[in-house]
Each structure stands twice: as structure tokens, then as C-alpha cells.
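Visitor: Requesting a structural model of the entry that follows:
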Amino acid sequence: MTCVYRSLPSEDDQKILAYGCLGLQNEETIAEDLEKTILCLCQGYRRVLECSDIPKIFHDRDFIYMLRELRFELRPSSESEDIIIDGIPPNSLLRALEDNFNGITNDEFEKLTQIFFKTIQEKNPDFELPKKTRHNNIYRDIITILKDSMKLDSVRRRLYGRYKLIIDESDDESAVHLLFQTGILDPEQTKV
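Guide: Okay, here's the model as predicted:
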């Protein structure tokens, strides 16, 4: 058996990849904070891959889909004569991480989240993880993540392009029935 592993792209290649996934061109005018955030996202991803506390299950595809999801958060701003692409809100990054870097324990996911946020905070100290309160857990549960991902409108789903694979190993399709009962799947729009 032969296993082929692709090496991590160079920092320049990763920056070009990030800009492309975010739908940005190098000649576009983007806010300085956004430019720093993009570089920090690349650096944060590299740190996640190097972290011994996080399972080695994540790859470039997870980073790419996270960036493609974040693309929807970029909004033009016309504060000056030029149109400038604004930044990525912290809550949007958290949601994109939940959607694309999950499948690990809660502690591992919190560590992963901290890596990304702390990397961005090195360049932008105001970029903070939403605050956890007694009545507000900042992290969504798996059911909510699945439910939210199934609600994407068709244009956004087509542009984002990430699929959810649910393997039901039961003999009676009980996992599928559970997805219908919890409202994650709409029986009118779903074929089994």
C-alpha cells in the first residue's frame, strides 16, 4: 500500500489560495485589518496542524471550505471614495470553524478555536471570541450545526459547496428517522 501526503503549501501559495477562496483579487482594495486577518487565518491553520493537542484529521479542504464560508461575510464598505472590502466578524469565524473543523472533542475544539483567535489577536487585539455567559453558550451543538447547514439557500449552498455525509449503520434507518423527527431534514425536500 502506498500513501501519498501532500506537503503544506508555502505561505505565499496559501495566501493566494485564501484570497481566491474568499473571492478577492490581489488588486482589490481591502481594509488593512482584513488583510492582516487573512494572513493570520493562514498562520492559525498552520498552527492547528502543528498542535499536538488536536487530532491530525484536518486538511487543506477544511481550511478551503472555511474560507469559502467566510466569503459570504465580506461586505463592501464605502467609507471613502474607493469601495473597500470590510473584515470578518469574530462570530462568523467561530461559526465557520464549527462548520468545518468539528468532529473532535469539545476541549479539542475550544483549543482549535483559541489558536485561530489568538493568532488574529496578535495583529488585531480587538478581534475577540464572543463571551460565554451563564445563559449563553457561544458554541452550537451538533444538532444545531446540522440544522443550520441544511437551511442554506440554494445559491449559497452551490457557492459554498460543502456536503454533509451521514452514515446510518442501523438496519432500520433509525438515524434518518431521527433527523426527520428533530426537523433537521424536511421530508418534503429529502429523498432517502
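Visitor: Walk me through the domains of this structure.
Guide: Residue ranges for each domain of the chain read 11-130, 141-192, as given by automatic domain parsing.
Visitor: As a check, name the ranges of all strands in this protein.
Guide: Using DSSP state E, the strands assigned to the chain run over residues 76-77, 84-85.
Visitor: Just the CA atoms of stretch 128-145, as CSV, please.
Guide: Extracted in CSV, the C-alpha atoms of stretch 128-145 (Å, rounded to 0.1, in the frame of the first residue of the first chain):
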residue,chain,number,x,y,z
GLU,A,128,-12.2,38.6,20.4
LEU,A,129,-14.0,35.3,20.8
PRO,A,130,-17.6,36.0,21.8
LYS,A,131,-18.0,36.0,25.5
LYS,A,132,-19.5,32.9,27.2
THR,A,133,-22.1,33.8,29.8
ARG,A,134,-24.2,31.7,32.2
HIS,A,135,-27.2,31.9,29.9
ASN,A,136,-25.3,31.9,26.6
ASN,A,137,-23.1,29.1,25.4
ILE,A,138,-21.1,30.5,22.5
TYR,A,139,-20.7,27.1,20.8
ARG,A,140,-23.5,25.5,18.9
ASP,A,141,-24.3,21.8,19.4
ILE,A,142,-24.1,19.3,16.6
ILE,A,143,-27.9,19.2,16.0
THR,A,144,-27.9,23.0,15.6
ILE,A,145,-24.9,22.9,13.2
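Visitor: Going forward, the N-terminal residue is numbered 253.
Guide: OK, 253 is where the count begins now, so the last one is stretch 380-397.
Visitor: what's in contact with it?
Guide: Residues lying outside stretch 380-397 but in contact with it, judged by Cβ atoms under 8 Å, 6 or more residues apart in numbering, are 342-343, 346-347, 350-351, 354, 358, 361-362, 365-366, 369, 373, 400, 434, 436. Yep, even glycine has a C-beta here, placed from its N, CA and C like the rest.
Visitor: what comes into contact with the lengthiest helix in the chain?
Guide: In the chain, with assignment by DSSP state H, the single longest helix is helix 284-302. Contacts of helix 284-302 with the rest of the structure, by Cβ under 8 Å, 6+ apart, involve 260, 263, 266-267, 270-271, 274, 306, 308, 310, 315, 319, 326, 337-340, 345, 353, 364, 367-368, 371-372, 374-376, 379.
Visitor: What are the buried residues along it?
Guide: Buried residues in helix 284-302, counting neighbours by 16 or more other Cβ atoms under 10 Å, are found at 285-300.
Visitor: What of stretch 345-365?
Guide: If you call a residue buried by 16+ other Cβ under 10 Å, then stretch 345-365 has these buried ones: 345-353, 356, 360-361, 364-365.
Visitor: what does stretch 375-393 give?
Guide: N376, F379, L381, Y391, R392.
Visitor: Many thanks, have a good one.
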